[in-house]
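Chemist: what would the 3D arrangement of this be:
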Amino acid sequence: MYTIGQISEMFNLPISTLRYYDMEGLFPQMQRQSGIRKFSENEVEALRVIECLKASGLEIKDIKQFMDWAMQGAETYEKRRELFEARREVIEAEIANLKKMLDMVKFKCWYYETAIKDGNEDGISAMLPDKLPKDIQELYDNAHS
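Modeler: Numbers count the residues shown, from 1 in each chain. Here you go, the predicted model:
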């Protein structure tokens with residue numbers, strides 16, 4: 001069992017956030033000893049899922065719905081799977097966006113390294129848009145797609 005302070009440190013979350021989650025019913029099976037919250041491995045795992053869903057853009061009310069479904073048992077497996085499939089799609093789209101941004105940054109690093117080495121941008125300009133070195137061309141193409 002963990003105290004709220006230990007969980008706060010473990011997840012780098014303010015104690016007020018953990019209390020809020022509890023008030024919202026996100027830890028329905030949490031035990032208390034003399035009114036003090038005691039976090040078991042069940043709450044730790046629930047918090048991992050909550051933080052994942054929150055980071056993926058899900059609102060607390062929707063996370064609460066998921067937790068309610070989990071309490072209902074096997075009859076809600078399909079709903080829970082659909083929720084995670086939708087989250088996966090959102091995350092995959094975000095990763096693709098981040099990859100595109102990263103490719104632009106990598107391209108620009110190469111661009112300016114080359115411009116510094118050459119003393120100007122003339123050689124680079126002559127290669128744009130489709131005569132760049134193969135690995136740089138891939139970065140450029142993805143960043144400009």
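
Chemist: give the pairing partners of the lowest-mean-pLDDT helix or strand in the chain; include direction for each.
Modeler: When each helix and strand of the chain is scored by mean pLDDT, DSSP states H and E, strand 31-33 comes last, with a mean of 93. Strand pairing for strand 31-33, determined by DSSP bridges: strand 36-38 (antiparallel).

Chemist: and after the strand it pairs with, which helix or strand comes next?
Modeler: helix 41-55 (DSSP states H and E).

Chemist: give me the buried positions along that following helix.
Modeler: 43, 46, 47, 50, 51, 53 (16 or more other CB atoms under 10 Å). For every residue, glycine as well, the C-beta is placed using N, CA and C.

Chemist: and this protein, what are its domains?
Modeler: 1-72, 93-145 (automatic domain parsing).

Chemist: make TSV out of those and add distance to residue 85.
Modeler: Below are the domains of the chain laid out as TSV (distance: least, CB to CB, whole Å):
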stretch	distance to residue 85
domain 1-72	12
domain 93-145	13
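
Chemist: which of those domains sits closest to residue 79?
Modeler: domain 1-72 (5.4 Å; CB to CB).

Chemist: now the end-to-end length of the closest one.
Modeler: End-to-end distance for domain 1-72: 25 Å, by CA to CA, to the nearest Å.

Chemist: what's the answer for stretch 8-15, then?
Modeler: 6 Å.

Chemist: and for stretch 8-18?
Modeler: 7 Å.

Chemist: would you mark the buried spots in it?
Modeler: Those would be 8, 13, 18, for stretch 8-18 by 16+ other CB under 10 Å.

Chemist: closest one of the residues you listed to residue 75?
Modeler: Out of the buried residues of stretch 8-18, the member with the shortest distance to residue 75 (by CB to CB) is residue 18, at 29.3 Å.
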